[in-house]
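A.B. asks: Sequence plus predicted model, see below.
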Amino acid sequence: MPRIVVLGAGLGGTIAAYEIAGAVKGRAELMVVSNSEDYWFVPSNPWVAVGWREPEAIRVHLPPVMKKRGIGFTAVGAKRVHPAENRLELNDGTDLSYDYLVIATGPDLAFDEIPGFGPEHHTVSICETRHAVAGADVFERLAADPKPIVVGAAQGASCFGPAYEFAMLLDTELKRRKVRDRVPITFVTPEPYIGHLGLDGVGDTKGMLESEMRERHIKWITSARITSVDPDILHVEEVGEAGEVRKTHDLPFGMAMLMPPFRGVPAVFGVEGLTNPRGFVLVDKHQRNPTFRNVFALGVCVAIPPTGPTPVPVGVPKTGFMIESMVTAIANNLSDLLDGREPSFEATWNAICLADFGDGGVAFVAQPQIPPRNTNWSSSGKWVHVAKIAFEKYFLMKVRKGESEPFYEKLALHVMGVKKLRAR
């Protein structure tokens, strides 16, 4: 019986395992290789970092769920992918062969590319739940001894929604603690304008997010490049359209959280024919690698070119809706291959984002995610906060049950109030 291996068990890898299991049932053995036995609902990490969620509330222990679905599982992790040999070199020194490989590793967090950057040095992170837990401790100390905060993203980052969300959540929580007046907040981003999001904006995200920041007295610096970080000072260059440094900023902080640039994980980085120079996996319209035709990839690990040139490098986010469509395409394409047909399914690459601000929020839907679009919609209001809480509970319930369905498409349909969004 052919063996399908899913490498990674984050948002994309976990739902991919569930959906592939249903699509190929009885025709292939399915195995998941992860570096952890636990799934964490990463979209809730900003809440963890301000003390609104306990980590255990957003954790799913995967081995029993995978066993129930008849999916093999190991948390030993992969050291290296050897696609020319159809095998994974695992961290315990053993090998795992495969007939088909689905890479869903997520990114490697490139904190080391900026001196003094990252949770091992002077800034906090919300990219992983363990980082957010450490960030919550830093926030508690700051709330007790108010100092300036810097929030945003570093050059090359491709995930901006959580940065905006975290800035607003900090504002909301500091107001609740009656110390906001003693904590200046500055938003630093490589985006050419507020609300670009790596997508050249969606609907009126520029206007809505600028308005939110003005209302909350959050200053901002765009086209920003971080040069280094000292224990309590962020050093930033503001870059002009021609690439010249038009201004420098030395920003003091008691807490700094900036999204890092991403790159491919060590297991795939530099594998010729598999990845681009940054280590992201190359795929065609069927999510299949052009060189190694039995290798598919989905999620943040996939190579996607930027939407256009910007003074400072800005990556394209891989949002949940886009990842979900990649999962469905791969599951159907694997089914085709097992039946002796060539892959025929393509991901729709749509996007939906709920950015909760604690006392409000911003939502957007883009179809497709990369412009030009058929749907280019955004909205704001207190309903976003309620919607994100409801979605968190629903998504975690389904993951704990081992069930896969179009989570994000359903969410898009609800928030837009339309009957059908699926691409034709």
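C.D. replies: Yep, that arrived.
A.B. asks: Please give me every residue in contact with the residue lying closest to residue 3 once chain neighbours are set aside.
C.D. replies: Spatial nearest neighbour of residue 3, excluding adjacent residues (CB to CB, 6 or more residues apart in numbering): residue 29 at 4.7 Å. In short, each C-beta sits where N, CA and C put it, glycine included. Shown in contact with residue 29 (CB atoms under 8 Å, 6 or more residues apart in numbering): 1-4, 72.
A.B. asks: again with residue 241
C.D. replies: residue 311.
A.B. asks: Quick one, grab the pLDDT at it.
C.D. replies: Per-residue pLDDT puts residue 241 at 93.
A.B. asks: Just say helix, strand or coil for it.
C.D. replies: Classification of residue 241 by DSSP: H, G, I helix; E, B strand; the rest coil places it in coil.
A.B. asks: Could you report the distance from it to residue 199?
C.D. replies: 20 Å (CB to CB, to the nearest Å).
A.B. asks: Quick one: residues contacting the nearest residue to residue 315 once chain neighbours are set aside.
C.D. replies: Once flanking residues are discounted, residue 315 sits nearest to residue 158: 2.6 Å by CB to CB, 6+ apart. Counting by CB under 8 Å, 6+ apart, residue 158 makes contact with 198, 261-262, 300, 314-318.
A.B. asks: farthest-separated two in those?
C.D. replies: Pairwise distances across the contacts of residue 158 peak at 15.2 Å for 300 and 314 (criterion: CB to CB).
A.B. asks: hmm, back to that, and the residue nearest to residue 315, how far from residue 190?
C.D. replies: Relative to residue 190, and taking CB to CB, residue 158 is found at 10 Å.
A.B. asks: okay, now residue 8: neighbour count?
C.D. replies: 28 (other CB atoms under 10 Å).
A.B. asks: What's the separation between it and residue 210?
C.D. replies: Distance, residue 8 to residue 210, by CB to CB: 36 Å.
A.B. asks: Sketch out the low-pLDDT regions of the protein for me.
C.D. replies: Within the chain, the stretches with pLDDT under 70 are 417-424.
A.B. asks: and it, what are its domains?
C.D. replies: Domain ranges of the chain: 3-109+263-349, 111-260, per automatic domain parsing.
A.B. asks: Just send those domains back as JSON lines, with distance to residue 368 too.
C.D. replies: Formatted as JSON lines, those follow (distance: least, CB to CB, whole Å):
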{"stretch": "domain 3-109+263-349", "distance to residue 368": "5"}
{"stretch": "domain 111-260", "distance to residue 368": "10"}
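A.B. asks: Of those, which is nearest residue 395?
C.D. replies: For those, the distance to residue 395 is smallest for domain 3-109+263-349, at 6.7 Å, taking CB to CB.
A.B. asks: For the closest one, measure first residue to last.
C.D. replies: By CA to CA, to the nearest Å, the extent of domain 3-109+263-349 from end to end equals 27 Å.
A.B. asks: ok, now stretch 221-238?
C.D. replies: Stretch 221-238 end-to-end distance (CA to CA) = 7 Å.
A.B. asks: just stretch 211-224 next, same as before
C.D. replies: Length of stretch 211-224, first residue to last, CA to CA: 20 Å.
A.B. asks: buried stuff in that stretch?
C.D. replies: Applying a neighbour-count criterion of 16 or more other CB atoms under 10 Å, one finds 212-213, 216, 218, 220-224 buried in stretch 211-224.
A.B. asks: Which parts of the protein are helices?
C.D. replies: With DSSP state H as the criterion, the chain has helices at 11-23, 45-49, 62-68, 129-144, 161-176, 205-215, 320-338, 383-401, 407-416.
A.B. asks: what sits opposite the closest residue to residue 114 other than its chain neighbours in the beta ladder?
C.D. replies: Using CB to CB, 6+ apart and skipping residues adjacent in sequence, the residue nearest residue 114 is residue 226, 5.4 Å away. Per DSSP bridges, the residues bridged to residue 226 are residue 236.
A.B. asks: Could you list which residues are in contact with residue 226?
C.D. replies: Going by CB under 8 Å, 6+ apart, residue 226 touches 114, 117, 154-155, 188, 234-237, 258.
A.B. asks: try it again with 7 Å
C.D. replies: Shown in contact with residue 226 (CB atoms under 7 Å, 6 or more residues apart in numbering): 114, 117, 154-155, 234-236, 258.
A.B. asks: Adding distance to residue 164, write those residues out as TSV.
C.D. replies: What follows is those, written out as TSV (distance: CB to CB, whole Å):
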residue	distance to residue 164
114	20
117	20
154	15
155	17
234	18
235	22
236	18
258	12
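A.B. asks: Tabulate those in JSON lines, adding columns for neighbour count and distance to residue 95.
C.D. replies: Output for the contacts of residue 226, formatted as JSON lines (neighbours: other CB atoms under 10 Å; distance: CB to CB, whole Å):
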{"residue": "114", "neighbour count": "23", "distance to residue 95": "36"}
{"residue": "117", "neighbour count": "23", "distance to residue 95": "36"}
{"residue": "154", "neighbour count": "27", "distance to residue 95": "37"}
{"residue": "155", "neighbour count": "24", "distance to residue 95": "38"}
{"residue": "234", "neighbour count": "27", "distance to residue 95": "44"}
{"residue": "235", "neighbour count": "17", "distance to residue 95": "46"}
{"residue": "236", "neighbour count": "23", "distance to residue 95": "46"}
{"residue": "258", "neighbour count": "28", "distance to residue 95": "39"}
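A.B. asks: Would you check how far apart the closest residue to residue 312 other than its chain neighbours and residue 371 are?
C.D. replies: Counting by CB to CB, 6+ apart, the nearest residue to residue 312 once its immediate chain neighbours are dropped is residue 190, at 3.9 Å. According to CB to CB, residue 190 stands 19 Å off from residue 371.
A.B. asks: Same drill for the two, tell me which one is more crowded.
C.D. replies: Neighbour count, other CB under 10 Å: between residue 190 and residue 371, residue 190 has more, with 29 against 13.
A.B. asks: Please tell me I have it right and that one contacts residue 306.
C.D. replies: No: using CB atoms under 7 Å, residue 190 is not in contact with residue 306; the gap is 11.0 Å.
A.B. asks: hey, what's in contact with both of these two?
C.D. replies: Here residue 190 and residue 306 share the contacting residues residue 314, scored by CB under 7 Å, 6+ apart.
A.B. asks: how about the nearest residue to residue 254, chain neighbours excluded?
C.D. replies: Nearest to residue 254 is residue 147, by CB to CB, 6+ apart, at 2.7 Å.
A.B. asks: and the one you found, what does it touch?
C.D. replies: Neighbour list for residue 147: 183, 253-254 [criterion: CB under 7 Å, 6+ apart].
A.B. asks: thinking again about what came up before, what's the most distant pair in the contacts of residue 29?
C.D. replies: Going by CB to CB, the pair spanning the contacts of residue 29 furthest: 2 and 72, at 13.4 Å.
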